[in-house]
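J.: got a predicted structure here, sequence first:
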Amino acid sequence: MEADAIQRQLKHYTALTPYFVDDFDHTSENYKIYQIKTGDLPEDLFSVLVDEKTYGFIVRSMEQYGLTVEQGRDLSRVVRDVIIDDLYLGDVVRAVREKLGLDEQNARELANGMASELFAPVIEDLKERQVKKFVKPKITGMPPSMEMPSLGGRQQKAEEENGANRPESPAQTTQNPSQPQNRPQTPVDPNQISNQNNIIDLRAKKP
């Protein structure tokens, strides 16, 4: 019985955790692209994708807003897409509203909770990557460059914090999938996750 309970908890964890939420076919092109996007993440950003804290936030949000498991998975995808630079921070409220079917007030409240609990601890690395992906360099004679949305309602100019006058970096998809920068391309096995870095440990305990 204990082993069955652990397996059910592991299944629930992988279904709602950003890194595992979409079970890609490991031979597909989408999986190769996903490995490139996650393979070059700084360690603190990668941790958001697999951390027990993220899983806990998703579960609590489901309970608070009456979300189904599938809506919880969509919320997990929003977190993942921000971390891997597929979703602009300034569009999180809209994404939550559209994907989860929440009204504006609840969508904004949920997005603010996500920002303060999950994104605030990694905001420097996250802002740097978001600026490179979404904020265009300022060009003479053109309107001012975009401003990054900041936590708590205050805005800071991207050019002041992150050097917005730098040219954009080449697209990450030009990397060779077989040669990751900072992390092995071996898929993460949820059964090997431990609490060493505050990550959930769902392996069966020895008696």
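T.: Received it, and whenever you're ready, just let me know what you need.
J.: and the strands in the chain, which stretches?
T.: Taking DSSP state E as the criterion, the chain carries its strands at 147-149, 155-157.
J.: can you flag the weakest of those by average pLDDT?
T.: Taking the average pLDDT of each of the strands of the chain, the minimum falls on strand 155-157, with a mean of 42.
J.: pLDDT wise, what is the residue lying closest to N106 once chain neighbours are set aside at?
T.: Nearest-residue entry for N106: Y65, 6.1 Å, with adjacent residues in sequence omitted and distances by CB to CB, 6 or more residues apart in numbering. Just so you know, the C-beta spots here come from the backbone N, C-alpha and C atoms, and that holds for glycine as well. pLDDT recorded at Y65 is 97.
J.: ok, now H26?
T.: Per-residue confidence (pLDDT) for H26: 78.
J.: report the separation between it and Y13.
T.: 20 Å (CB to CB, to the nearest Å).
J.: neighbour-wise, which of these two wins?
T.: Neighbour totals were compared for H26 and Y13, and Y13 leads with 19 against 9 (other CB atoms under 10 Å).
J.: just checking, that one touches I58?
T.: No. Y13 lies out of contact with I58 (CB atoms under 8 Å); the separation is 9.8 Å.
J.: would you state the helices of the chain in chain order?
T.: Ranges of helices in the chain, per DSSP state H, are 2-16, 29-39, 43-50, 52-65, 69-83, 92-100, 104-114, 123-134, 158-162.
J.: find the nearest non-adjacent residue to N30, please.
T.: Excluding its sequence neighbours, the residue lying closest to N30 (CB to CB, 6+ apart) is F24, at 5.6 Å.
J.: that neighbour contacts K32, doesn't it?
T.: No. F24 is not in contact with K32 according to CB under 8 Å; the separation is 9.1 Å.
J.: lowest-pLDDT helix or strand in the protein?
T.: Lowest on mean pLDDT, DSSP states H and E among the helices and strands of the chain sits strand 155-157, with a mean of 42.
J.: any stretches of this protein with poor pLDDT?
T.: Applying pLDDT under 70 to the chain flags the ranges 1, 136-207.
J.: for G66, what are phi and psi?
T.: Recorded main-chain torsions at G66 are phi 60, psi 40, according to degrees, to the nearest 10.
J.: quickly note the distance from it to K133.
T.: 33 Å.
J.: give me the more crowded residue out of the two.
T.: More crowded of G66 and K133, by other CB under 10 Å: K133, with 16 against 9.
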